[in-house]
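K.L.:
got a predicted structure here, sequence first:
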Amino acid sequence: MQTSAPAPQRARRTAVVLLAGLLLVSCAMRAPLTGVGSVLDEISGDLGLSAAAAGALTSLPLLAFAGSSLVVPALARRLGQRPTLVLALFLLALGAGLRWVPGVVPLFAGTAVVGVAIAVANVLMPALIRTEFPGRIPLLTSTYVVLMQVVGSLASGLAVPLSESLAGGWRTAIVVWAAPALLAAVLWLPLVRDHRAATAHGRARTPWRSPLAWAVTAFMGSQSILFYVLLSWLATIARDRSGLDPTEAGVLLSVLQVAGVVGSLLAPAVAGRSVTRTRWAAVGSTVLSAAGLATLLLAPGAAHAAVVLLGLGGGGSVVLALAAVSSRAADGAGAVALSGMAQAVGYGAAAVGPVLFGALHSVTGSWTLPLAVLTAVAVVQLVPAWAANRDATVRA
């Protein structure tokens with residue numbers, strides 16, 4: 001007669017599979033998007049895209065993030081967190097496959113589908129960590145953010161070599177990064193059948209009236225603005241103000257990402273499990289970002305030092321903002337609702353930020369005022385960074 005494994009053994013096995021799946025999902029949360037920028041010239045030349053259309057292709061995922069995030073809590077309440085994430089992973093693979101189909105329409109449609117799928121993962125990852133690993137929130141948040149950053153950087157660096165060496169060119173180069181998502185979905189399918197564990201019990205409304213929820217949202221939004229403005233404009237600023245050639249300016253973006261990984265690793269180590277230390281770590285990360293922007297503004301020749309500060313501060317801030325989503329929620333359902341709110345507003349701001357920053361430059365003909373405004377955003381971020389990490393729970 002066959003007997004089932006003891007409950008503790010099954011729980012350990014489930015935890016291992018969940019953890020492996022979370023790590024695989026992390027590998028697929030940015031790479032399908034970051035590789036596009038490296039082969040954008042090839043895509044534009046192949047499909048005859050205008051500069052505006054090429055810009056729309058890169059901004060489409062951010063709009064999908066902002067537009068889809070508020071829908072995720074309702075979907076997770078109906079299906080459960082695990083089934084919703086597995087559905088999103090299969091959707092990501094489908095969207096990636098669409099981008100492999102020749103033509104402009106499949107490319108844009110596939111990119112939109114990929115953006116929606118990643119938006120679901122963005123919202124659910126903090127909630128799943130809160131639900132499945134409540135005692136390891138800072139560590140696992142740091143781990144998945146670092147993996148997201150590292151694999152995203154690899155996708156950027158390998159896109160051109162892959163497009164030159166693989167059949168299908170740039171299409172194959174941007175499709176291959178959906179493989180971890182498909183593997184994670186298959187790995188988690190047996191866990192979805194466990195209805196008791198897979199379903200997020202309880203209902204939580206989006207906490208629009210909670211000051212603490214708005215503090216978490218403001219922290220998420222401000223650090224998102226800083227990151228995406230720098231991602232869009234740093235190389236141009238370095239050429240115009242610091243006199244760097246295009247290659248050197250491109251290296252600065254790599255420095256920003258490497259320093260960001262270091263910041264994402266250091267922040268949870270500094271924060272530990274203490275609320276007080278976490279608050280000071282959030283403030284410290286924000287101060288580093290503000291100092292980096294002030295250096296870029298006042299000492300253009302010290303661009304490399306400025307970018308190191310910006311990377312350390314931004315990497316720490318994103319980990320602590322995501323950890324705040326998990327830590328301030330009362331339970332898994334609350335974490336989904338808070339995450340949906342924070343990421344919808346945050347990515348909406350991130351989509352608008354680079355446009356307004358560029359418009360300020362166009363109006364003034366200089367980078368001085370745009371950088372001054374961005375520095376002010378970093379200084380103001382000190383308020384939500386401190387408030388979002390107080391020892392309290394969000395109530396809808």
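P.N.:
Now that the structure is in, tell me what you want to look at. As the structure is a computational prediction, the values presented were derived from the model and not from experiment. Numbering: from 1, shown residues only.
K.L.:
confidence score at the closest residue to residue 325 other than its chain neighbours?
P.N.:
Using C-beta to C-beta, 6 or more residues apart in numbering and skipping residues adjacent in sequence, the residue nearest residue 325 is residue 126, 4.2 Å away. Glycine gets a C-beta too; all of them are placed from N, C-alpha and C. On pLDDT, residue 126 comes in at 87.
K.L.:
show me the contacts for residue 126.
P.N.:
By C-beta atoms under 8 Å, 6 or more residues apart in numbering, residue 126 lies in contact with 141, 322-323, 325-326, 335, 339.
K.L.:
let's see that with 6 Å instead.
P.N.:
The neighbourhood of residue 126, defined by C-beta atoms under 6 Å, 6 or more residues apart in numbering, consists of 322, 325-326, 335, 339.
K.L.:
go on, residue 98?
P.N.:
Residue 98 touches 106, 109-110, counting by C-beta under 6 Å, 6+ apart.
K.L.:
which one of those has the most neighbours?
P.N.:
Neighbour counts for the contacts of residue 98 (other C-beta atoms under 10 Å) peak at residue 110, which has 22 neighbours.
K.L.:
and residue 348, what does it touch?
P.N.:
Residue 348 neighbours (C-beta under 6 Å, 6+ apart): residue 66.
K.L.:
for it, give its distance to residue 269.
P.N.:
From residue 348 across to residue 269, the span is 31 Å (C-beta to C-beta, to the nearest Å).
K.L.:
try residue 239
P.N.:
Using C-beta to C-beta, we find residue 239 at a distance of 35 Å from residue 269.
K.L.:
so between those two, which is more surrounded?
P.N.:
Per other C-beta under 10 Å, whichever of residue 239 and residue 269 has more neighbours is residue 239, with 16 against 11.
K.L.:
wait, isn't the more buried one in contact with residue 247?
P.N.:
No - here residue 239 lies out of contact with residue 247, judged by C-beta atoms under 6 Å, at a distance of 10.3 Å.
K.L.:
which of the contacts of residue 98 lies closest to residue 209?
P.N.:
Closest approach to residue 209 among the contacts of residue 98 (C-beta to C-beta): residue 109, at 37.1 Å.
K.L.:
neighbours of the nearest residue to residue 115 once chain neighbours are set aside, just the number please.
P.N.:
Leaving out its chain neighbours, the residue that sits closest to residue 115 by C-beta to C-beta, 6+ apart is residue 64, at 2.9 Å. As a burial measure, residue 64 scores 22 neighbours (other C-beta under 10 Å).
K.L.:
can you pull out the low-pLDDT segments for this protein?
P.N.:
The chain contains residues with pLDDT under 70 at 1-7, 51, 193-203, 396.
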